[in-house]
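Asker: compute the structure for the input listed below.
(chains A and B)
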Amino acid sequence: MSGLANFLRRIGAMAVDGVWRLGFATRFLGLVLLYSGQSLRRLPLTIREIYFSGVLSLLIILVSGLFVGLVLGLQGYDILQRFGSSDALGTMVALSLLRELGPVVAALLFASRAGSAVTAEIGLMKTTEQLKAMDMMAVNPIARVVAPRFWGGVISMPLLAAMFSAMGIFGGWLIGVVFIGVDDGAFWSQMQAAVDVRYDVMNGVIKSFVFGVAVSLIAVFEGYDCTPTAEGVSRAITRTVVSSALAILALDFVLTSFMFRGQ
Amino acid sequence: MAIESPELPPLVSLRGVRFAYGEREVLRGIDLSVHRGQVVAIMGGSGCGKTTLLRLIGGQLKATGGTVEVAGHDLAALGNADLYALRRRMGMLFQFGALFTDMSVFDNVAFPLREHTDLPAGMVRDLVLMKLQAVGLRGAAALMPSELSGGMARRVALARAVALDPMLILYDEPFAGLDPISLGIIGQLIRRLNDALGASSVMVTHDVHESLGIVDYVYFVSEGRIVARGTPDEIRASTDPFVHQFVNAEADGPVPFHYPAPAIAEQLGGGVG
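Answerer: As a prediction, the model looks like this:
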């Protein structure tokens, strides 16, 4: 009996703790937005973070995008040719990437490549008292350190997702047209006819923007909130990757259910 | 040594300051003042609340009772903007320097100048080189913090702390983990910079011999209270048992060697009977 009570109590404590953390993170987002004006006025700070989060993630994003596109090309051709519609391969590859795989997979990769790095950097700055030192020099660490990293992530994410999709479409074309022999004209013209800029492309961009906000907030919050020890930083990094993945997938479901209901 | 002017109110003044982390009371009524031009040491064993005291003076923590005044401002009454305005006139040296690891030595020292002034780049450069010259590390300007020894990092951090010519410099364990030569250098720098800048300094430390050589006044803190105070000469001559234990580094005395525990006879051999 007491075992069950303890179990329930633990679940309750976890739920309460989760709600508290969500509250803290939301308040933290408010603070970041409040001090964003100060840091956006000093653009070089944010541009530096776009370089670290965005440009340095390019390689993994492009390579992954290519592989996902190659697989989509193979699988798509295999399925479509059963219905005699292998000409629609371009449409299938483009829609899967623009609507779902581009934003979601790019965000998952971004969280593990750039999000974890941001958490580690801020967490270590906290552990080595650099944030406190900044605060004692009358420089607000949220404006100087956190906000630029947040915006660097938010700006990079949709761009990376777009590159991921572009690379994926190239991969699908490579397999479908170059290796399997789907008609080149059909591949592109069907894609052009079926992909709608607002319905497909814009919704994908909105998704990747939302994921960018979620991943960047989680990354800076976990870093800023970590226990200032080696173990605390490592836990914060793990939490960043795990919470980001869950947030991305859950938000993707919510967004998809609002965005795509059949025209 | 110090320019003591009794007619001026003290730069830092703590009256009946109490502080607690949650339930745990760390400071239980501290009275302390730092006059302009003085270097004051706050000494005590590890965990006695002396670093907390420094954080209260820097405004990083708010006292749960009593008042903390710096340059005539009651810190509890200051808003964020006013506190930041006050901190621009303070410098703080952290225990391990807390240099920004992604910036070179030069950029570290230039950081407060660039953040708080609109000086042209050439002037920032000259100021930074002058500050680095004062701590003897002008030649290390291009190095990264990871390339510095502990003592050098501390000196760079000191140059950064005085970059804006502060009126008050706070030192958190400036001697911790240094070899005897670096220790002497840091001690001399603390005194010389304080006098050259006309600043006041508060130093939290447990290094008795190095500090007694350079400070004007000493406060001893134990269990959240000031248990002794005086000039270095008074401290050396003190017959107070706590001061005597501390200055002569005796293992047992008013500060017990043993952490509170039940009598040893009760605990040993318990499994046999």
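Asker: use CA for all of it now, contacts and neighbours both
Answerer: Noted.
Asker: could you dump stretch A:36-43 to PDB, C-alpha only?
Answerer: Output in PDB follows, covering the C-alpha atoms of stretch A:36-43 (Å, rounded to 0.1, in the frame of the first residue of the first chain):
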ATOM      1  CA  SER A  36      16.000  41.700 -26.600                       C
ATOM      2  CA  GLY A  37      15.800  45.300 -27.600                       C
ATOM      3  CA  GLN A  38      19.100  46.100 -25.900                       C
ATOM      4  CA  SER A  39      20.900  43.200 -27.600                       C
ATOM      5  CA  LEU A  40      19.300  43.500 -31.000                       C
ATOM      6  CA  ARG A  41      20.600  47.100 -31.200                       C
ATOM      7  CA  ARG A  42      24.000  45.500 -31.000                       C
ATOM      8  CA  LEU A  43      23.600  43.300 -34.100                       C
END
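Asker: buried ones in that stretch?
Answerer: By neighbour count on 16 or more other CA atoms under 10 Å in any protein chain shown, the buried set for stretch A:36-43 is A:Ser36, A:Ser39, A:Leu40.
Asker: so the first one is in which element?
Answerer: Going back to what we said before, that points to A:Ser36. For A:Ser36, the enclosing helix or strand under DSSP states H and E is helix A:2-40.
Asker: quick one: list the elements packing against the helix-or-strand element of chain B with minimal mean pLDDT.
Answerer: None of the helices or strands of chain B scores lower by mean pLDDT, DSSP states H and E than helix B:241-247, at a mean of 78. Packing contacts for helix B:241-247, counted by 3 or more CA pairs under 8 Å, 6 or more residues apart in numbering or on different chains; DSSP states H and E, involve helix B:208-214.
Asker: list of residues touching the helix it packs on?
Answerer: Outside helix B:208-214, the residues within contact range by CA atoms under 8 Å, 6 or more residues apart in numbering or on different chains are B:39, B:41, B:43, B:183-184, B:187-188, B:191, B:205, B:218, B:232, B:246-247.
Asker: how does it look with 7 Å?
Answerer: With CA atoms under 7 Å, 6 or more residues apart in numbering or on different chains as the test, helix B:208-214 has contacts from B:Gly187, B:Arg191, B:Pro232, B:Val247.
Asker: from these, which has minimum pLDDT?
Answerer: Of all the contacts of helix B:208-214, B:Val247 carries the smallest pLDDT score, 77.
Asker: of all the contacts of helix B:208-214, which comes closest to B:Lys131?
Answerer: Minimum distance to B:Lys131 across the contacts of helix B:208-214 is 15.1 Å, recorded for B:Arg191 (CA to CA).
Asker: OK, contacts around the closest one?
Answerer: So B:Arg191 contacts B:Ile214 (CA under 7 Å, 6+ apart).
Asker: tell me the SS of it?
Answerer: Secondary structure state of B:Arg191, per DSSP: H, G, I helix; E, B strand; the rest coil, is helix.
Asker: could you do B:Met92 as well?
Answerer: Applying three-state DSSP: B:Met92 is strand.
Asker: please name the bridge partners of it.
Answerer: B:Leu170 (DSSP bridges).
Asker: how much space between it and A:Trp20?
Answerer: In this view, B:Met92 and A:Trp20 are 33 Å apart by CA to CA, to the nearest Å.
Asker: over to A:Val139?
Answerer: 28 Å.
Asker: for B:Met92 and A:Trp20, indicate the residue with more neighbours.
Answerer: The neighbour count for B:Met92 versus A:Trp20, taken as other CA atoms under 10 Å in any protein chain shown, is higher for B:Met92 (26 against 12).
Asker: surely the more buried one meets B:Leu170?
Answerer: Yes: counting by CA atoms under 7 Å, B:Met92 touches B:Leu170, with 4.6 Å between them.
Asker: this completes my enquiry, with thanks.
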